[in-house]
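Undergrad: show me the folded form of this:
(2 chains)
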Amino acid sequence: MPDWFTVHPDTWLVIIVMSAITYSFRAGGYWLMGRVTLSPRVEAGLSYLPGAVITALVVPAALEAGIEGIAGVAAVGIAMRWRGNLMLALVAGIGVVWLYRQML
Amino acid sequence: MTIEITRSGFVRGLRATLPLAIPVAAYGAVYGLLAQQAGSTAMEATLLNLFNFAGASQMAVLPYWDHPLPLLTIAVTTALINLRLVLLTASLRPWLKSLPARIVYPVLHNVSDESWSVAMMRYRLGERDVGVLIGCNMAVLFAWFPSTLVGFLLSDRIPDPERFGLDFAFTAVFAAMLFAGYRSRRDLTPWFASGIVAVIVWWLLPGTWYVVAGGIAGVTAAVLQAGGQPKVEIPSAEEVR
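TA: Numbers count the residues shown, from 1 in each chain, chains lettered A, B, ... in the order given. All right, here's what the predicted structure looks like:
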């Protein structure tokens, strides 16, 4: 039976510091956007922020996964444009990656 | 436009994020097991789940989990891994800004990459109910919390999620949201700019600087492309189911 309930004395400080850093990022991004005055042009450009962030999450991760990662993204794309169903797209993408690894 | 938070929105958010439950739970169990093997306890992991709630950073610090814990190393690692969250919540400003701070700031605490990507894509398709964002956040939380404790119950080994391609699940979610949100060729310039810059910075710098750099590059490209024209958002009837 593992030790479930102990919190080591020095872990308290680590929990507080990690949580403070992480929450300051979560609150900070939102807070900062309320502090700056933006031109309409920049404001319009910011509507592309979510897509740009998602692209930045996808591309290196797909490349890191290798050929099956790129094929998986393609499978997700086909499923999404075909049905627009996230579950189907996940099954297609994960299925391609799984199949490729089975063949190796 | 009035911004509301409804129960039906919450349920829509939960349902939209449901497909992520399996991969999130799988990695929750992996985290619990790794934390246990690193000498951490279920209580410590639960406190981190409650107050830090950022699984990638919690996994990243486990290699340093030897008492006395190296506080500075852990703090720097946490900051590097979680830097990306700044851009996630920055992008939520237009959606949440008319709500009082006492509601917004607690909601921000549970924003994760996965729930944010699902919620933002619905926002792009015309969704304005903040209940949806809360539902997306809670779906990830509900899958994560119990599974980390299951990881502590497992004394030995669990199958490597990579065997089932589950390591690709989160990439697949983000890719799906990107394809679902594609509007017109005008999207391609910022996306390409982001992708190229992200890959370069990913090679060069540790942590998630690459997400921040990609996001900024994409917005810069969009601003340059707009050339001062006001952007026209075309709402679509199409829904991400």
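Undergrad: ok, longest helix in the chain?
TA: In the absence of a named chain, chain A is used. The longest helix of chain A (DSSP state H) is helix A:9-35.
Undergrad: I was after chain B.
TA: Longest helix in chain B, counting residues (DSSP H): helix B:130-153.
Undergrad: check which helices and strands the helix or strand just after it is in contact with.
TA: Next helix or strand after helix B:130-153 toward the C-terminus (DSSP states H and E): helix B:169-181. Contacts defined by 3 or more C-beta pairs under 8 Å, 6 or more residues apart in numbering or on different chains; DSSP states H and E place helix B:169-181 against helix A:49-65, helix A:67-83, helix A:86-103, helix B:21-37, helix B:113-124. For glycine as for every other residue, the C-beta is placed from the backbone atoms N, C-alpha and C.
Undergrad: which parts of the first one are buried?
TA: Looking back up the chat, that one is helix A:49-65. Residues of helix A:49-65 classed as buried by neighbour count (16 or more other C-beta atoms under 10 Å in any protein chain shown): A:49-63, A:65.
Undergrad: how is chain B carved up into domains?
TA: B:7-181, B:184-241 (automatic domain parsing).
Undergrad: burial-wise, tell me which of these comes out on top.
TA: domain B:7-181 (a mean of 20; mean count of other C-beta atoms under 10 Å in any protein chain shown).
Undergrad: just the endpoints, please. Distance across that domain?
TA: Domain B:7-181 has an end-to-end distance of 25 Å (C-alpha to C-alpha, to the nearest Å).
Undergrad: how about low-confidence regions in the chain?
TA: Using chain A here. A:1-3 (pLDDT under 70).
Undergrad: try chain B instead
TA: Low-confidence segments of chain B (pLDDT under 70): B:1, B:155, B:228-241.
Undergrad: middle-most residue in it, spatially?
TA: The residue lying closest to the centre of chain B (C-alpha atoms, centre = their mean) is B:Asp113, at 0.7 Å.
Undergrad: isn't that one up against B:Phe170?
TA: Yes - with contact defined as C-beta atoms under 8 Å, B:Asp113 and B:Phe170 form a contacting pair (7.1 Å).
Undergrad: now the helices and strands packed on helix B:169-181 as a markdown table including distance to A:Met18?
TA: What follows is the helices and strands packed on helix B:169-181, written out as a markdown table (distance: least, C-beta to C-beta, whole Å):
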| stretch | distance to A:Met18 |
| --- | --- |
| helix A:49-65 | 22 |
| helix A:67-83 | 30 |
| helix A:86-103 | 30 |
| helix B:21-37 | 13 |
| helix B:113-124 | 17 |
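Undergrad: out of these, which is closest to B:Gly215?
TA: Nearest of the helices and strands packed on helix B:169-181 to B:Gly215, taken as C-beta to C-beta: helix A:49-65 at 4.3 Å.
Undergrad: what angle do helix B:169-181 and the closest one make with each other?
TA: 140 degrees (axes from the mean of the first three to the mean of the last three C-alpha atoms, to 10 degrees).
Undergrad: can helix A:49-65 be found next to chain B?
TA: Yes - judged by C-beta under 8 Å from any C-beta of the partner chain, helix A:49-65 comes into contact with chain B at A:49-63, A:65.
Undergrad: many thanks, I have nothing further to ask.
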